[in-house]
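**Q** Mind folding the following:
(chains A and B)
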Amino acid sequence: MSLGVKKSRIALFSLLAFGYAFLYGPIVSLMIYSFNESRLVTVWGGWSTKWYGELMHNQQILDAAWLSLKIAAISASFAVVFATLAAMALVRYKRFRGRGSLLLMLTAPLVMPEVILGLSLLLLFVAMSEWLGWPAGRGQTTIIIAHMTFAIAYVTVVVRSRLAHFDFSLEEAAMDLGAKPVKAFFTITLPLISPALIAGWLLAFTLSLDDLVVASFVSGPGSTTLPMVVYSSVRLGVSPQINALATIIVTLVSLAVAIAGYVFYRQEKQRLKSLQ
Amino acid sequence: MRSRDRFNLGKRALIGLPWLWMAVFFLLPFLFILKLSLSEAALMQPPYLPFIREVSDGMVTMVVNFGNYLLLLEDPLYLNALLNSIEIAAWSTLLTLLVGYPMAYAIAKAPHNWRLPLLMLIILPFWTSFLIRVYAWIGILKNNGLLNNLLIYLGIIDQPLEILYTPTAVYIGIVYSYLPFVILPLYATLIRLDDTLLEAAADLGCPPWKQFLTVTLPLSIPGVIAGTMLVFIPVMGEFVIPDLLGGPNVLMIGKLMWTEFFSNKDWPVASALAAVLLLVLIVPFVLWQHFESRNRESLG
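**A** Presented below is the predicted three-dimensional model:
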């Protein structure tokens, strides 16, 4: 290896190190300070887990967390169903009426500012309850519908990229052997694309769990989600309890993603091996 | 014949269900934004006058009110917010690209079995809470925060720097939050780059920096465009970052919409602002779609 190549290797490596420090530094600092004894968040007063204890007795946060988890689980599950339909339609049929508009409606939410999504959905819900009497009020149901809507777009990207490599002749073979299309889908296609569905579900779940803006617009009295509680307390400044909460969320999400990632990695490796 | 009918039914359901959902809950609501932006605010529940009103017995009239748009034009606050948003979105997009490009390049050049873990580490923060990651910067940037304490401790400064609640803090927050959106598409184009092109250039005596400028950079333009749009469009309407890190000093259109809606309860003006923002975003959005579809075609 020449000196020039080695030098550029070192430069690239240190650049990456800086980049990752930038990405992870803030999260790590927040996690460390969640164990800070002192109420003054930037003064170190020794190690303590008292903020975690207080958090466990904060009924407002616990209620909001439960509501958010419920909304995230329900909206992610429905989003995966719709996104799978959409991805199947887009991958299998290259030409149909409405393909262009379907593609547009599935990509625009990826970049659409949340304030617009939230406001427009709220106005729709108000009009619907005026004309149809449903939804009667705003709350859990309207937040679920809103979260489903943007999650469908994200999950479709994940499922579609998996289906793009899917060998549809497997499904055809099953149908040639007499399986009905629905059965062929559930016994052949679904198991094979399940990693993408799980990844999509996780993505939709975390997006919902994280959403402040859209939920603020479409929620009603009595349905305060976790990000809304976090936001209102964060606006008043840094709070050690929120640091503790953030640490719990970040740890759980990272663990889930890391485990899922590892399982898929293993599966993929095995699949490549079995192909050889 | 019958099974064919059923097959068609299945196809229709496959296409129809997601289409209908997105049409009702994504596309249709924009019409309501348009409608409400032409309504009049009022102290009632919901806080605006109906569009179609009964004047006298059976006489119905439709009242279109352009007052909200006139207000946006008259009060410099709104125009300033819009221009400010464009400026902040443009600069932060450029900054994100400047930070993200070398990182994507380094990952693409990393040893083969390093790439996947390195990419995973880029994506992981995206999965954890956006709100929390923005919040983390408050503790770092504030006057008695970690950064100022560190710099004072090192003797670099003796007075704390005022960073939080300035545009600088907003830029830091945006670059930090949107970095994965730039790195992923850039990586995707850089990894497809044919190394033999660079070798050919090197064989012909082209120095590395020139190889980069004449071969790598032009070929990675699709990734640059995708990254630009994935940052610029959502940042234009960003609320959380300017609100938490910019404080009252940074004016952006998304934040103004939030204030009009939640504090002033002026739904019509908030809708007019949303309509203007949508209008501004149509051009970059169409460009993005155009390049994406071309990109997909070139991939086959």
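**Q** And the strands in chain B?
**A** For chain B, strands defined by DSSP state E occupy the ranges B:52-56, B:59-62.
**Q** rank these by mean pLDDT and give me the bottom one.
**A** Of all the strands of chain B, mean pLDDT reaches its minimum on strand B:52-56 (a mean of 66).
**Q** and the stretch 51-200 of chain B, which of its residues are near chain A?
**A** Within the stretch 51-200 of chain B, the positions adjacent to chain A are B:99, B:102-103, B:105-107, B:109-110, B:116, B:118, B:120-122, B:124-125, B:127-133, B:135-140, B:142, B:144-146, B:149, B:176, B:179 by C-beta under 8 Å from any C-beta of the partner chain. Bear in mind the C-beta positions are built from the backbone N, C-alpha and C, glycine included.
**Q** Would you mark the buried spots in stretch B:273-283?
**A** Using 16 or more other C-beta atoms under 10 Å in any protein chain shown as the test for burial, stretch B:273-283 gives B:273, B:274, B:275, B:276, B:277, B:278, B:280, B:281.
**Q** OK, contacts around the residue in the stretch 51-200 of chain A that chain B sits nearest to?
**A** Closest approach of the stretch 51-200 of chain A to chain B (C-beta to the nearest C-beta) occurs at residue A:113, with a separation of 2.2 Å. By C-beta atoms under 8 Å, 6 or more residues apart in numbering or on different chains, the contact set of residue A:113 is B:233, B:234, B:236, B:237, B:238, B:239, B:254, B:277, B:281.
**Q** for residue A:13, same thing?
**A** Counting by C-beta under 8 Å, 6+ apart, residue A:13 has contacts residue B:106.
**Q** Looking from chain A, tell me which residue of chain B is nearest.
**A** Counting by C-beta to the nearest C-beta, chain B gets nearest to chain A through residue B:237 (2.2 Å).
**Q** helices and strands around the helix or strand hosting residue A:273, which ones?
**A** Under the criterion of DSSP states H and E, residue A:273 resides in helix A:240-275. Helix A:240-275 sits against helix A:3-33, helix A:50-56, helix A:190-210, helix A:226-234, helix B:112-127, helix B:130-141, with contacts defined as 3 or more C-beta pairs under 8 Å, 6 or more residues apart in numbering or on different chains; DSSP states H and E.
**Q** how about a cut-off of 10 Å?
**A** The helices and strands touching helix A:240-275, judged by 3 or more C-beta pairs under 10 Å, 6 or more residues apart in numbering or on different chains; DSSP states H and E, are helix A:3-33, helix A:50-56, helix A:59-92, helix A:190-210, helix A:226-234, helix B:112-127, helix B:130-141.
**Q** Low-confidence ranges, the chain, go.
**A** With no chain named, the answer covers chain A. Residues of chain A meeting the criterion pLDDT under 70: A:1-5, A:41-42, A:276.
**Q** My question was about chain B, not that one.
**A** Along chain B, segments meeting pLDDT under 70 span B:1-7, B:51-58, B:60-61, B:296-300.
**Q** Repeat the analysis, applying 80 as the threshold.
**A** B:1-10, B:42-47, B:49-64, B:292-300 (pLDDT under 80).
**Q** I figured residue B:141 hits residue B:172, correct?
**A** Yes: here residue B:141 lies in contact with residue B:172, judged by C-beta atoms under 10 Å, at a distance of 7.2 Å.
**Q** Now the common contact residues for these two.
**A** The overlap between the contact sets of residue B:141 and residue B:172 (C-beta atoms under 10 Å, 6 or more residues apart in numbering or on different chains) consists of A:26, B:147, B:163, B:164, B:166, B:245.
**Q** Would you mind putting those into TSV with neighbour count and distance to residue A:118 alongside?
**A** Shown next, in TSV, are the shared contacts of residue B:141 and residue B:172 (neighbours: other C-beta atoms under 10 Å in any protein chain shown; distance: C-beta to C-beta, whole Å):
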residue	neighbour count	distance to residue A:118
A:26	25	26
B:147	19	33
B:163	19	29
B:164	22	26
B:166	17	27
B:245	27	20
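**Q** Filter those down to just the ones in helices.
**A** The helices in this structure, assigned by DSSP state H, contain A:26, B:147 from these.
**Q** give me every residue that touches the residue nearest to residue B:255 when sequence neighbours are not counted.
**A** Nearest residue to residue B:255 in three dimensions, chain neighbours excluded: residue B:242, at 5.0 Å (C-beta to C-beta, 6 or more residues apart in numbering or on different chains). Neighbour list for residue B:242: B:84-85, B:88, B:167, B:169-170, B:173-174, B:235, B:249-256, B:258 [criterion: C-beta under 10 Å, 6+ apart].
**Q** same check, this time on residue B:109
**A** Contacts of residue B:109 (C-beta under 10 Å, 6+ apart): A:8, A:9, A:12, A:13, A:16, B:115, B:190, B:191.
**Q** show me what contacts the residue of chain B closest to chain A?
**A** Residue B:237 makes contact with A:111-117, A:213, B:85, B:89, B:252-255, B:257, B:273-274, B:277-278, B:280-281, according to C-beta under 10 Å, 6+ apart.
**Q** The buried residues of stretch B:273-283 also near chain A: which ones?
**A** Among the buried residues of stretch B:273-283, proximity to chain A is found for B:273, B:274, B:275, B:277, B:278, B:281 (C-beta under 10 Å from any C-beta of the partner chain).
**Q** hang on, the last one packs against residue B:30?
**A** No: taking contacts as C-beta under 10 Å, residue B:281 lies outside contact range of residue B:30: 11.8 Å.
**Q** any residues in contact with both of these two?
**A** In contact with both residue B:281 and residue B:30: A:108, A:112, A:116, using C-beta under 10 Å, 6+ apart.
**Q** Next, see if the helix or strand harbouring the first one gets close to chain B.
**A** I take that to be residue A:108. Here residue A:108 sits within helix A:99-111, counting by DSSP H and E. Yes: in terms of C-beta under 10 Å from any C-beta, part of helix A:99-111 sits within range of chain B, namely A:99-111.
**Q** Scan those residues and report the most crowded one.
**A** Greatest neighbour count in the residues of helix A:99-111 next to chain B, by other C-beta atoms under 10 Å in any protein chain shown, goes to residue A:106: 25 neighbours.
**Q** how about it, what does it touch?
**A** A:82-83, A:86-87, A:90, A:152-157, A:160, B:18-19, B:22, B:26.
**Q** quick one on the thing from earlier: list only those of the residues of the stretch 51-200 of chain B next to chain A flagged as buried.
**A** Among these, those classed as buried by neighbour count (16+ other C-beta under 10 Å) are B:99, B:102-103, B:105-107, B:109-110, B:118, B:122, B:124-125, B:127-133, B:135-140, B:142, B:145-146, B:149, B:176, B:179.
**Q** And stretch B:259-268, end to end?
**A** By C-alpha to C-alpha, to the nearest Å, the extent of stretch B:259-268 from end to end equals 13 Å.
**Q** That stretch: which residues count as buried?
**A** Neighbour counts over stretch B:259-268 (16+ other C-beta under 10 Å) mark B:259, B:260, B:261, B:266, B:267, B:268 as buried.
**Q** cool, and stretch A:147-165?
**A** Buried residues in stretch A:147-165 (16+ other C-beta under 10 Å): A:147-160, A:162-163.
**Q** ditto for stretch B:206-225
**A** Within stretch B:206-225, the residues that count as buried by 16+ other C-beta under 10 Å are B:206, B:211, B:215, B:216, B:219, B:220, B:222, B:223, B:224, B:225.
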